[in-house]
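*Asks:* got a predicted model here, sequence first, then my questions.
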Amino acid sequence: MAIGGTVTRAGAPMAGGMISFRPAKGGTGPAATTDVHAGRYQFDSTNGPVSGSHEVVIISALEGKPTAVPAVGSTATAGTAAPWTVEVDVPSDAPSEIPFDIP
């Protein structure tokens with residue numbers, strides 16, 4: 001599904017990192033992961049999440065370090081801050097923009 005949006009942290013655009021939509025327990029479909037650049041992420045119809053309930057994991061890159069999405073159940077990886085996780089439902093008629101604000 002083609003969706004994108006903003007990722008802010010404490011009200012400011014997140015400079016860089018990654019966002020991953022993972023089907024929630026009992027859900028089906030592949031995970032969808034992409035980079036966050038200058039506070040924005042974007043999926044197209046070929047690499048975006050499918051509709052349904054998802055665990056969304058967002059990690060902020062630490063300056064000068066590579067970023068990698070942590071495995072399910074793990075915490076942070078080298079070069080990343082602790083992940084922020086939220087459950088969202090992506091309906092089949094999802095809006096083209098889904099914003100996230102990390103506290």
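*Replies:* It's in.

*Asks:* what's the end-to-end length of stretch 28-48?
*Replies:* Criterion C-alpha to C-alpha, to the nearest Å; first-to-last residue distance in stretch 28-48 is 14 Å.

*Asks:* so which bits of it are buried?
*Replies:* For stretch 28-48, burial by neighbour count (16 or more other C-beta atoms under 10 Å) applies to 32, 33, 34, 36, 39, 41, 42, 43, 48. All C-beta atoms are positioned from the backbone trio N, CA, C, and that covers glycine.

*Asks:* who's the nearest residue to residue 39 once chain neighbours are set aside bridged to?
*Replies:* With C-beta to C-beta, 6 or more residues apart in numbering as the criterion, residue 39 has its nearest non-adjacent residue at 2.4 Å, and that residue is residue 13. Beta bridges link residue 13 to residue 8 when assigned by DSSP bridges.

*Asks:* doesn't residue 38 make contact with residue 13?
*Replies:* Yes: Residue 13 sits in contact with residue 38 when judged by C-beta atoms under 8 Å, with a separation of 5.9 Å.

*Asks:* report the contact partners of the residue positioned nearest the centre of the chain.
*Replies:* Centroid-nearest residue in the chain, with C-alpha atoms, centre = their mean: residue 19, separated by 2.2 Å. Counting by C-beta atoms under 8 Å, 6 or more residues apart in numbering, residue 19 touches 7, 33, 34, 35, 36, 41, 56, 57, 58, 100.
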